[in-house]
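Novice: Need a 3D model of the sequence below.
(one chain, ligands or ions: 1)
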Amino acid sequence: MSVDLSKLSEAIVKGQIDEAKQLTEEAAQSGMDVQEIMNKGLIVGMETVGQKWKCDEMFMPEVIRSAKAMSGAMDCIREELESTSSGAGTMVIGTVAGDLHDIGKNLAAMMFEGAGYKVINIGIDQPNEAFVDAVKEHKPKVLGISALLTTTMARMGEIVNALKEAGIRDEVTVVIGGAPVTDDFAKEIGADIYAPNARAGVERVEEYFKAV
Ligand code: B12
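Specialist: From the prediction side, this is the model:
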């Protein structure tokens, strides 16, 4: 029995948590590749949510519900995702100190997971040292930093400097994201990559690795 992944995308857009889990489980049990479920079902759904949010066709409570549906669905295939992961490497991701926003950061985490990364999500409101410690401990290929407030985005530059002081700046590729962040800001603080959205995060990191 094959599962129509457009129905799964639709369940994500509508924030139907149980339906999304059930369709994901059915798709996995039918033998469908988990990467396909992720890319053609879950991610397509969440991208539609992102577009609708930008055009004011969806509002925050609905976006949060969709993100929960995506996260719940991913839990159903997480083990398999990890075992079939392309071994892209490890990513550490977190939101800077003083900042409690995590919807975008979690979406970015899910996208990287879908792209085959082992993702270590250190959470919100994380002091600069927590990022440095996580890089020391997990030796990730990529460090993702999120900030949603103009008052907290300065922490990103401090984290880059703290990595330099710890002598580990060159061991990790730093990608930053969040509404107030820009390409110019990334250059200014010495981050490697700026990503305007979660999928662009994965794409730009991959382009970066191809270029270096
Ligand atoms: C939801 C929300 C909240 C929720 C957060 C809930 C949660 N669990 O995250 C709550 C209610 C807690 C909240 C609190 C506050 N908020 Co608020 N919040 C928002 C809101 C409405 C949506 C943010 C969001 O989730 N967007 C949807 C996601 C999908 O988008 P995103 O976060 O931008 O992420 C995408 C990209 O930026 C990118 N991305 C993000 N991070 C990363 C990281 C990496 C590595 C990569 C690759 C990509 C990436 O990918 C994502 C997906 O494509 C925004 C308004 C807005 N238009 O953004 C205000 C907003 C960010 N908040 C704002 C403010 C002022 C606050 C408060 C100070 C309000 C108050 N007076 O208490 C507090 C601060 C609390 C704190 N200390 O953090 C302001 C910030 C203004 C500014 N310029 O600094 C905004 C812009 C609203 C506004 N217009 O005034 N907020």
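Novice: Residue 201 and residue 109 touch, don't they?
Specialist: No: the pair residue 201 and residue 109 does not pass the contact test of CB atoms under 8 Å, sitting 9.7 Å apart. To be clear about C-beta, it is placed using only N, CA and C from the backbone, and glycine gets the same treatment.
Novice: Spit out the residues that contact those two alike.
Specialist: Common contact partners of residue 201 and residue 109 (CB atoms under 8 Å, 6 or more residues apart in numbering): residue 144.
Novice: Quick check, residue 34 in contact with residue 79.
Specialist: No: using CB under 8 Å, residue 34 is not in contact with residue 79, being 9.3 Å away.
Novice: Looking at the two, which has the bigger crowd around it?
Specialist: Comparing residue 34 with residue 79 by neighbour count (other CB atoms under 10 Å), the higher total belongs to residue 34, at 22 against 10.
Novice: Now do the contacts for the more buried one.
Specialist: 28, 77, 80, 81, 84.
Novice: can you check residue 87 too?
Specialist: With CB under 8 Å, 6+ apart, residue 87 has these contacts: residue 116.
Novice: host element of it?
Specialist: Assessed by DSSP states H and E, residue 87 sits outside every helix and strand.
Novice: Quick check: it vs residue 104, distance?
Specialist: Noted for residue 87: a distance of 26 Å to residue 104, by CB to CB, to the nearest Å.
Novice: how about stretch 144-160, does it reach the ligand?
Specialist: Yes: using CB under 6 Å from any ligand atom, we find that stretch 144-160 touches the ligand at 144, 146, 148, 149, 150, 151.
Novice: Let me see the backbone angles for residue 177.
Specialist: phi -160, psi 170 (degrees, to the nearest 10).
Novice: right, and it touches residue 107 too?
Specialist: No: using CB under 8 Å, residue 177 is not in contact with residue 107; the gap is 9.5 Å.
Novice: intersection of neighbour lists for the two?
Specialist: Joint contacts of residue 177 and residue 107 (CB under 8 Å, 6+ apart) are residue 198.
Novice: that older thread, so which of the contacts of residue 34 is surrounded by the most neighbours?
Specialist: Counting by other CB under 10 Å, top hit in the contacts of residue 34: residue 77 with 23 neighbours.
Novice: Check for me that that residue belongs to a helix.
Specialist: Yes: checked against DSSP: H, G, I helix; E, B strand; the rest coil, residue 77 lies within a helix.
Novice: how many other residues sit next to the residue of the chain at minimum distance from the ligand?
Specialist: Residue of the chain nearest the ligand, by CB to the nearest ligand atom: residue 104 (1.9 Å). Using other CB under 10 Å, residue 104 has 21 other residues around it.
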